[in-house]
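Trainee: Can you look at this prediction? I've put the sequence above it.
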Amino acid sequence: MNDNLQYLVDFIQEKTGATGVYVGKLVHQKKPITESSGVDEDLDLDAPMVIHYTNATASHKHMVNVTLTSDQAPLSHSVFNFVKYETSPAAEEATA
């Protein structure tokens, strides 16, 4: 899927006429590590997550590899405010 994201942003811009399209993912902030640090010890699990932009159309290439906190981009972060639905008892029984 990640291999097709650049094609996707270009396609969306072409079909919608948007001035720019970019894709980001919600990731943990990084913290300093040492040589003896283990796997994923660079992730700051206590800090709020940030958006790291990975792909963009030519007009918005400046967004690639940019990381934004919720204070810097509250509207963008609101996209990740998922509603967590509880599984209904009927759905649980159907999968059992």
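Mentor: Thanks, I have the structure now.
Trainee: Distance of the residue most central in space within the chain relative to Q13?
Mentor: Central residue of the chain (C-alpha atoms, centre = their mean): K25, 1.2 Å from the mean position. Between K25 and Q13 the distance is 19 Å, computed by C-beta to C-beta, to the nearest Å. Where you see a C-beta, it was placed from the backbone N, CA and C, and this is true even at glycine.
Trainee: what sits against the residue nearest to the centre of the chain?
Mentor: Going by C-beta atoms under 8 Å, 6 or more residues apart in numbering, K25 touches 51-52, 54.
Trainee: and Y53, how many neighbours does it have?
Mentor: 18 (other C-beta atoms under 10 Å).
Trainee: and if you look at M49?
Mentor: If you count neighbours by other C-beta under 10 Å, M49 ends up with 17.
Trainee: What's the biggest helix in this protein, counting residues?
Mentor: helix 5-16 (DSSP state H).
Trainee: where does the chain dip in pLDDT?
Mentor: Scanning the chain with the threshold set as pLDDT under 70 gives 83-96.
Trainee: tell me the helices in it, going along the chain?
Mentor: With DSSP H, the ranges of helices along the chain come out as 5-16, 74-78, 89-95.
Trainee: Could you dump those into TSV with distance to A47 and mean neighbour count added?
Mentor: Converted to TSV, the helices of the chain look like this (distance: least, C-beta to C-beta, whole Å; neighbours: other C-beta atoms under 10 Å):
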stretch	distance to A47	mean neighbour count
helix 5-16	26	14
helix 74-78	14	12
helix 89-95	34	8
